[in-house]
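Engineer: Coordinates for the following, if possible.
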Amino acid sequence: MAGTSKYLSLDDTLNIPVETPAIDESAGAGDADKIIKTGADGLIDPSLLPADIGGGARIIEASENLAAGDFVNIHNSTGEKVRKADATTANAGKQAHGYVLDNVTSGDDVTVYPRGLNTALTGLTPGLTYALSAATPGGFEALGSSTAGAGEILQVIGEAVATDTLSVDIADPVIRG
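Structural biologist: Sure, this is the predicted structure:
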């Protein structure tokens with residue numbers, strides 16, 4: 001049966017059943033004691049799992065527009081925020097901390113994944129290692145073709161396992177000399 005997943009719960013005040021929607025992602029403690037459902041992909045959202053099982057995915061407010069597949073930097077700007085990672089000298093301190101799988105507008109919340117499979121990409125060569133791009137904020141480039149120069153960040157972000165999938169394992173950033 002298609003439609004919104006709901007269940008019956010008992011309203012303790014009225015002592016009657018109440019139809020309640022299931023959740024497919026968690027915003028934290030406020031979602032305690034709720035029944036979950038799988039997403040459109042048939043999987044449980046990592047935000048519903050403990051950090052050591054779900055890969056540490058977290059929901060953070062975007063401080064700029066982000067595109068699915070972008071590599072992002074977590075920073076403090078009137079609280080925890082996320083923006084495009086950037087390997088250029090002018091943006092020291094914007095190393096990659098994770099990636100996003102959804103398009104999001106500045107001010108909206110987005111799930112940030114620190115590792116796992118970034119499946120929102122194109123143009124990868126399976127088997128190649130990729131680094132954070134010094135040319136395109138939020139982007140990536142094949143290691144060896146890196147445009148990172150002196151004073152810029154060289155940061156390996158993962159290895160392609162398909163033409164549209166990067167197995168993300170973000171390394172510590174290195175400032176090029």
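Engineer: Tell me how this structure divides into domains.
Structural biologist: The chain breaks down by automatic domain parsing into domains covering 1-48, 49-175.
Engineer: quick one: least confident helix or strand in the protein?
Structural biologist: Ranked by mean pLDDT, DSSP states H and E, the weakest helix or strand in the chain is helix 51-54, scoring a mean of 54.
Engineer: list the contacts for the closest residue in space to Arg58 that isn't next to it in sequence?
Structural biologist: Distances taken as C-beta to C-beta, 6 or more residues apart in numbering place Val112 nearest to Arg58, at 5.4 Å, with adjacent residues excluded. Heads up, the C-betas are built off the backbone N, CA and C, glycines and all. Residues counted as contacts of Val112 (C-beta atoms under 8 Å, 6 or more residues apart in numbering) are Ala57, Arg58, Ile59, Ile60, Val72, Ile74, Val82, His97, Gly98, Tyr99, Val100.
Engineer: Now, of those, which are buried?
Structural biologist: Neighbour counting over the contacts of Val112 (16 or more other C-beta atoms under 10 Å) leaves Ala57, Arg58, Ile60, Val72, Ile74, Val82, His97, Gly98, Tyr99, Val100 as the buried ones.
Engineer: and the gap between the first one and Lys6?
Structural biologist: Just to be clear, that refers to Ala57. From Ala57 over to Lys6 the distance is 25 Å, taken as C-beta to C-beta, to the nearest Å.
Engineer: Pull the number of nearby residues for the nearest residue to Asp172 once chain neighbours are set aside.
Structural biologist: Residue nearest to Asp172 in three dimensions, not counting chain neighbours: Gln155, with 7.5 Å by C-beta to C-beta, 6+ apart. Neighbourhood size, Gln155 [other C-beta atoms under 10 Å]: 23.
Engineer: Just grab the bridge partners of the spatially most central residue of the chain for me.
Structural biologist: Central residue of the chain (C-alpha atoms, centre = their mean): Val112, 2.6 Å from the mean position. Beta-bridge partners for Val112, by DSSP bridges, are Arg58, Val100.
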